[in-house]
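1. When you get a sec, could you give me coordinates for this:
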Amino acid sequence: MAYIYGIQNFFDSGSIALIIELLFVTSCVSTILYILTKNQYVSYLSSAPILYILSALFHYSTHLILLVLTMTIQALILLIIKNQKKKQLHVNEQAV
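-> Residues are numbered from 1 along each chain as shown. So this is what the prediction gives:
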């Protein structure tokens with residue numbers, strides 16, 4: 001429980017914008033990595049280290065919950081991309 005209470009003190013009003021920015025930049029970098037490598041597992045597994053490195057560059061500490069949140073967001077992005085590709089393939093098959 002002490003870890004949960006520590007997170008509550010970690011999220012003050014000034015750090016929420018930085019956290020959102022870090023999550024956005026991490027998901028963008030991981031998605032670009034997915035587009036370049038065409039490997040969803042590399043993109044998914046690289047999202048946590050990318051967040052950790054970016055937070056270290058911004059002199060900001062991170063928590064395990066933020067790493068899990070980053071990986072969850074990246075998994076959702078990958079599912080959306082996969083679903084869009086499947087829809088596009090289905091539309092192209094019907095057109096032929």
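2. now the helices for the protein?
-> 2-10, 13-37, 40-57, 64-95 (DSSP state H).
3. Check the burial of Ala95 by counting its neighbours.
-> Other residues near Ala95 come to 6 when the count uses other CB atoms under 10 Å. Any C-beta I mention is one placed from the backbone N, CA and C, and that applies to glycine too.
4. So which bits of stretch 67-78 are buried?
-> Leu67, Leu69, Thr70, Met71, Ile73, Gln74, Ile77, Leu78 (16 or more other CB atoms under 10 Å).
5. same deal with stretch 33-48?
-> The neighbour-count check on stretch 33-48 (16+ other CB under 10 Å) flags Leu33, Tyr34, Gln40, Ser43, Tyr44, Ser46, Ser47, Ala48 as buried.
6. from memory the first one sits against Leu45, does it?
-> No - proximity of Leu33 to Leu45 does not meet the contact threshold set by CB atoms under 8 Å, at 10.2 Å.
7. Low-confidence regions, the protein specifically.
-> Scanning the chain for pLDDT under 70 picks out 1-14, 96.
8. Contact partners for Leu45?
-> Met71 (CB atoms under 8 Å, 6 or more residues apart in numbering).
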